[in-house]
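Student: Following is a predicted model, sequence given first.
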Amino acid sequence: MTAGLTAATSSPSRPPNWPAWLPRRPWSWGPGAWRCSPEPGLVPPIVPARGFPPCAGRAIFPRRPRRRGFHTHPERGIGMADIAKRADDYSRWYQDVIAAAELADNSPVRGCMVIRPNGYAIWENIQKILDAKFKELGHVNAYFPLLIPKSFLAREAQHVEGFAKECAIVTHHRLKQVTVNGKTTVVPDPDSKLEEEYVIRPTSETVIWDMYRKWIQSYRDLPILINQWANVMRWEMRTRMFLRTTEFLWQEGHTAHATAAEGRAETLQMLEVYRWFAEEILAMPVITGIKTANERFAGAVETFSIEAMMQDCKALQAGTSHDLGQNFAKAFDVKYQDAEGKVEYVWATSWGMSTRIIGALIMTHSDDDGLVLPPRIAGTKAVIVPIWKNAEEMEQVCAAAEGLAAQLRATVGNVHVDKRDNMRPGWKYAEWERKGVPLRIELGPRDLAGQQVMMVARHDRKKEAVGFQQLAEVVTNELARIQQDLFDRAVQRRRENTHIIDSWDAFTQLFDGPGGFAECHWCGDGDCEKAVQEKTKVTIRNLPLQRDETPGACVHCGKPSIGRVVFAQSY
RNA sequence: CGGGGCGUAGCGCAGCCCGGUUAGCGCGCCUGCUUCGGGAGCAGGAGGUCGAGAGUUCAAAUCUCUCCGCCCCGACCA
């Protein structure tokens, strides 16, 4: 050790009496010295306290700038949550917002995520609202198991093809302790190998239709309208928080009907439920339409989707509804006897919305300061920030805040009073903005004296003084205004980025540049669609239910087309 | 699975090129006092097997190899 010390002190690269805590070469000396100094020849100050000149390390080892966390803001002081700007790095922004709003965290398992309370509150609201709507339409909830016999997947030919590549498989039912090189670990016990292996459900059609066979004999057993809230697992190569994770939560509806028309009607009805939910509750405008054959669900006769535009102009499929025809009934031999005594296969639908919608929600409304939530889906509708200087004021202001909150809870839902005494109001404002609470209500001694509060909207920072007497009414109206504003804003953005395009030049120009939705003619040929995708990464999102059906020529191959479809890059 | 980037305290980073002191800094956290209407100040304090494992060496955050994880771009997909 001593020898080492001596060597260091006498090192030629370290000048005599150089402080030990400084890097050996904070700036270079000798020839070309003071390279980092703004004015050559001027001796840079010796760092006064512990700490390195900011350029020291980077000048020698330039590094890509990384996210900076909670750093000092040059103008606004300390502790600014550092969220990447959308314009600079959209996908980092997305992740930063999730982290800053504490929606989710990475899990120890690759591709999986932990949904934190703030994120789960959103999911709970989604569940609550959708579930009520499903039930209103006659659906009931049930639960089917996580594990599916491997052989079930193989029953429906297209279904296997669609899911085989992304299934997790359970092969053993027991672990065994083993000691290798003195370390104890566990391995699957070879003696516990399963005779029939199980697949962790990527979707539940197969188990459900296996059961429906038992439950359906006559037309009097139909329709069956079952929904389940569950987790599913699809082994993805590349994952992204909420948008595509290995395990995700969703709702899957599975219905059985006596006629094709009834099945189709159900499919369209649920599509409409999703449209309603996205637009009215999430303030997210969507295009309802039919998927092309290439994008159709494995095993479906027809797939319908709702497609939303994110702030980076990419499309996101936010919900799907499938008309399964008789495909699963045939695969699982589900027949019924009609009133005339004829035996027929049952007609099926399935439809789902997943935690992916939360990703869409984030990317539709949030801004560079963090999450923005529409009031109808926000777990907390408003937060009251009491302001005080001393214990006496604190008591008065908090009591008043609690009183107002109680009153508001009765009319608008969950309202939080932030009584933490270890941070100042400004900090709290910033924090609740990051977390996307739609409305902030400030209440200080001066307000209390005037029997009023300051009310600030998250999305546009609009500030308004409101008297105690009018508060409940004004807040209700303000939440409605926010909801509408967010929707209008999103519609506006989509309108600005949707283009009618009739030439391949314009098409490539759009997608080489800003991107967006392109309403184009398409010949209807799947190979032509694939060719477009290979050239430009652009796919057909859907064939809108309301579309321009003036005939034209395919934007790619020029063959005749009977109507316009929506092209976009997608998540 | 290919190409690139990265892994050091809760978060963000410096240190690595050229191995050597007790591994630092900012924010956050804890304690106390003063504060509190847009991200508070001062003082004191806690917190690290430097992603994991092997190797080289008297000595490894630093050099070598392997593995793991994260991010970006592809391939794949809802």
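Tutor: Yep, it's here. Owing to the predicted nature of the structure, the values given are computational and were not obtained by experimental measurement. Numbering: from 1, shown residues only, chains lettered A, B, ... in the order given.
Student: What backbone torsions are found at the residue in the stretch 201-350 of chain A that RNA strand B sits nearest to?
Tutor: The nearest approach of the stretch 201-350 of chain A to RNA strand B comes at A:Arg234, 2.7 Å away (CB to the nearest atom of the strand). In short, each C-beta sits where N, CA and C put it, glycine included. The phi and psi values for A:Arg234, taken as degrees, to the nearest 10, are phi -130, psi 120.
Student: ok, now which ones touch it?
Tutor: If you count contacts by CB atoms under 8 Å, 6 or more residues apart in numbering, A:Arg234 has them with A:Phe163, A:Glu166, A:Cys167, A:Pro202, A:Thr246, A:Phe248.
Student: nearest to A:Asp368, of those?
Tutor: A:Phe248 (27.4 Å; CB to CB).
Student: tell me the SS of that closest one?
Tutor: strand (DSSP: H, G, I helix; E, B strand; the rest coil).
Student: In contact with it, which residues are there?
Tutor: A:Asn231, A:Val232, A:Arg234, A:Ser354, A:Thr355, A:Arg356.
Student: run the last query once more with 6 Å
Tutor: By CB atoms under 6 Å, 6 or more residues apart in numbering, the residues touching A:Phe248 are A:Ser354, A:Thr355.
Student: cool, A:Arg213 as well?
Tutor: Counting by CB under 6 Å, 6+ apart, A:Arg213 touches A:Phe332, A:Asp333, A:Val334.
Student: Would you mind listing the buried residues in stretch A:514-528?
Tutor: For stretch A:514-528, a neighbour-count test (16 or more other CB atoms under 10 Å) marks A:Gly515, A:Gly516, A:Phe517, A:Ala518, A:Glu519, A:Cys520, A:His521, A:Trp522, A:Cys523, A:Gly524, A:Cys528 as buried.
Student: How far does it sit from its chain's centre?
Tutor: 26 Å (CA atoms, centre = their mean, to the nearest Å).
Student: The spatially most central residue of chain A and RNA strand B, how far apart?
Tutor: Centroid check for chain A by CA atoms, centre = their mean gives A:Gly359 as the closest residue, at 1.1 Å. Counting by CB to the nearest atom of the strand, to the nearest Å, the gap from A:Gly359 to RNA strand B is 10 Å.
Student: tell me which element that residue is part of?
Tutor: A:Gly359 belongs to helix A:356-365 when elements are defined using DSSP states H and E.
Student: With pLDDT added, can I get the contacts of A:Arg234 in a markdown table?
Tutor: Formatted as a markdown table, the contacts of A:Arg234 follow (pLDDT from 0 to 100):
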| residue | pLDDT |
| --- | --- |
| A:Phe163 | 88 |
| A:Glu166 | 87 |
| A:Cys167 | 89 |
| A:Pro202 | 93 |
| A:Thr246 | 89 |
| A:Phe248 | 93 |
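Student: So which of the residues you listed reach RNA strand B?
Tutor: Restricting the contacts of A:Arg234 to those near RNA strand B by CB under 7 Å from any atom of the strand leaves A:Glu166, A:Pro202, A:Phe248.
Student: got the contact list for A:Ala472?
Tutor: A:Gln407, A:Thr411.
Student: And the helix or strand containing A:Glu478, what's buried?
Tutor: Following DSSP H and E, one finds A:Glu478 within helix A:471-496. Buried residues in helix A:471-496, defined by neighbour count with 16+ other CB under 10 Å: A:471-472, A:475, A:478-479, A:482-483, A:485-487, A:489-490, A:493-494.
Student: do the same with stretch A:452-472
Tutor: Buried residues in stretch A:452-472 (16+ other CB under 10 Å): A:Gln452, A:Val453, A:Met454, A:Met455, A:Val456, A:Ala457, A:Arg458, A:His459, A:Val466, A:Phe468, A:Leu471, A:Ala472.
Student: Identify the farthest-apart pair in those residues.
Tutor: A:His459 and A:Phe468 (24.7 Å).
Student: where in the stretch 51-200 of chain A is pLDDT low?
Tutor: A:51-81, A:180-184 (pLDDT under 70).
Student: One more pass at 50, please.
Tutor: Low-confidence segments of the stretch 51-200 of chain A, defined by pLDDT under 50: A:51-80.
Student: Same check on chain A?
Tutor: For chain A, the stretches flagged by pLDDT under 50 are A:1-80.
Student: In CSV: the buried residues of helix A:471-496, plus distance to A:Lys150.
Tutor: Shown next, in CSV, are these (distance: CB to CB, whole Å):
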residue, distance to A:Lys150
A:Leu471, 60
A:Ala472, 57
A:Val475, 55
A:Glu478, 55
A:Leu479, 50
A:Ile482, 49
A:Gln483, 47
A:Asp485, 51
A:Leu486, 45
A:Phe487, 45
A:Arg489, 48
A:Ala490, 43
A:Arg493, 46
A:Arg494, 43
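Student: out of those residues, who's nearest RNA strand B?
Tutor: Distance to RNA strand B across the buried residues of helix A:471-496 (CB to the nearest atom of the strand) is lowest for A:Leu471, with 13.7 Å.
Student: Quickly note the distance from that closest one to A:Ala258.
Tutor: 54 Å (CB to CB, to the nearest Å).
Student: quick one: contacts of the helix or strand containing A:Tyr336?
Tutor: Using DSSP H and E, A:Tyr336 sits within strand A:335-337. Where contact means CB under 6 Å, 6+ apart, the residues beyond strand A:335-337 that reach it are A:Ile216, A:Ser218, A:Tyr219, A:Val343, A:Tyr345, A:Val346.
Student: Just the buried residues of the contacts of A:Arg213.
Tutor: Using 16+ other CB under 10 Å, the buried ones in those are A:Phe332, A:Val334.
Student: Any quick ChimeraX command for the buried ones out of the contacts of A:Arg234?
Tutor: Listed next is the ChimeraX selection for buried residues among the contacts of A:Arg234, using 16+ other CB under 10 Å:
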select /A:163,167,202,246,248
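Student: can you put the contacts of A:Arg234 in TSV and add distance to A:Asp368?
Tutor: As requested, these are exported to TSV (distance: CB to CB, whole Å):
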residue	distance to A:Asp368
A:Phe163	39
A:Glu166	35
A:Cys167	40
A:Pro202	36
A:Thr246	30
A:Phe248	27
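Student: Do a quick rundown of the strands in the stretch 101-250 of chain A.
Tutor: Ranges of strands within the stretch 101-250 of chain A are A:104-106, A:113-115, A:140-141, A:147-149, A:169-172, A:175-180, A:183-188, A:193-200, A:224-233, A:247-257, based on DSSP state E, counting those that start in this stretch.
Student: most neighbours per residue, which of these?
Tutor: strand A:247-257 (a mean of 22; mean count of other CB atoms under 10 Å).
Student: what's the spacing between that strand and its chain's center?
Tutor: With CA atoms, centre = their mean, you get 19 Å for strand A:247-257.
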